[in-house]
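Novice: Here is a sequence together with a model predicted from it:
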Amino acid sequence: MKDRIKKVMESQHMSQQTFAHSIGMSPASLSSIFNGRTKPTLNIVEAIKDKIPRISTDWLIFGKGDMYLSDSGHSNNTTNTQPNVISEPVLNFDDLENNSSLFNEQTIVTPTMDYTPQKPERVEVKVIEKPQRKVTEIRIFYDDRTWESFYPEDRESSI
């Protein structure tokens with residue numbers, strides 16, 4: 001089944017990541033399916049069917065029949081003498097020269113950047129002097145949950 005999912009992805013001309021996002025799953029989950037770590041679930045089949053309604057679920061799940069459903073809905077059409085040809089939407093790249101955009105959007109112009117080096121700007125840093133700090137108290141904590149406090153006036157007498 002993973003090979004058939006790959007064929008669907010290739011027939012839609014999508015990368016693995018684009019295809020995963022289009023059917024609403026994470027690219028990592030799709031990669032796990034392709035690598036054989038996990039098996040495809042019914043949710044994935046439903047997501048593919050929702051995104052591509054013409055896909056044959058019998059072909060996708062079991063590999064039976066054609067990849068796409070026939071246009072008339074009947075596969076036993078004996079009046080047609082030509083073999084079944086899978087028709088799918090195809091982009092015509094020859095017409096791109098005539099059209100400014102495939103989706104009739106305005107052409108996006110990217111600004112060019114000037115890469116001329118500029119002189120570094122000299123920034124002066126002003127040093128702010130802080131007033132001298134003075135020790136006001138020193139506390140020593142002991143493991144028996146007691147402590148002693150020492151003050152600068154008593155410093156010489158306590159040492």
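Specialist: Good, I have the coordinates. Note that this is a predicted model, so its numbers are computed, not measured.
Novice: only C-alpha atoms for contact and neighbour calcs from this point on.
Specialist: Fine.
Novice: Now do stretch 53-61, average pLDDT.
Specialist: Average pLDDT, stretch 53-61: 86.
Novice: Provide the secondary structure category for I140.
Specialist: Assigned with DSSP: H, G, I helix; E, B strand; the rest coil, I140 falls in the strand class.
Novice: go on, R4?
Specialist: helix.
Novice: cool, the one 10 residues further on as well?
Specialist: Following three-state DSSP, M14 is assigned to coil.
Novice: Give me the distance between it and E129.
Specialist: M14 sits 64 Å away from E129, taking Cα to Cα, to the nearest Å as the criterion.
Novice: Between these two, which has more neighbouring residues?
Specialist: M14 (14 against 6; other Cα atoms under 10 Å).
Novice: Roughly how far does that one sit from T116?
Specialist: Counting by Cα to Cα - M14 and T116 are separated by 40 Å.
Novice: ditto for D3
Specialist: From D3 over to T116 (counting by Cα to Cα), the distance is 52 Å.
Novice: now P53
Specialist: Counting by Cα to Cα - P53 and T116 are separated by 54 Å.
Novice: if you go through this protein in chain order, where are the strands?
Specialist: With strands called from DSSP state E, the chain shows them at 138-141, 147-150.
Novice: Just send these back as TSV, with mean neighbour count and mean pLDDT too.
Specialist: Compiled in TSV, the strands of the chain are given as follows (neighbours: other Cα atoms under 10 Å; pLDDT from 0 to 100):
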stretch	mean neighbour count	mean pLDDT
strand 138-141	10	94
strand 147-150	11	92
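Novice: Can you tell me which of these is nearest to P120?
Specialist: strand 138-141 (47.9 Å; Cα to Cα).
Novice: helices or strands up against the closest one?
Specialist: The contact analysis (3 or more Cα pairs under 8 Å, 6 or more residues apart in numbering; DSSP states H and E) places strand 138-141 against strand 147-150.
Novice: Which neighbours in the sheet does the strand it packs on have, and how are they oriented?
Specialist: strand 138-141 (antiparallel) (DSSP bridges).
Novice: which residues touch the partner strand?
Specialist: With contact meaning Cα atoms under 8 Å, 6 or more residues apart in numbering, strand 138-141 is reached by 147-151.
Novice: which residues does M25 contact?
Specialist: I44.
Novice: Got the confidence number for D66?
Specialist: 85.
Novice: Against I52, how distant is it?
Specialist: D66 is 14 Å from I52, by Cα to Cα.
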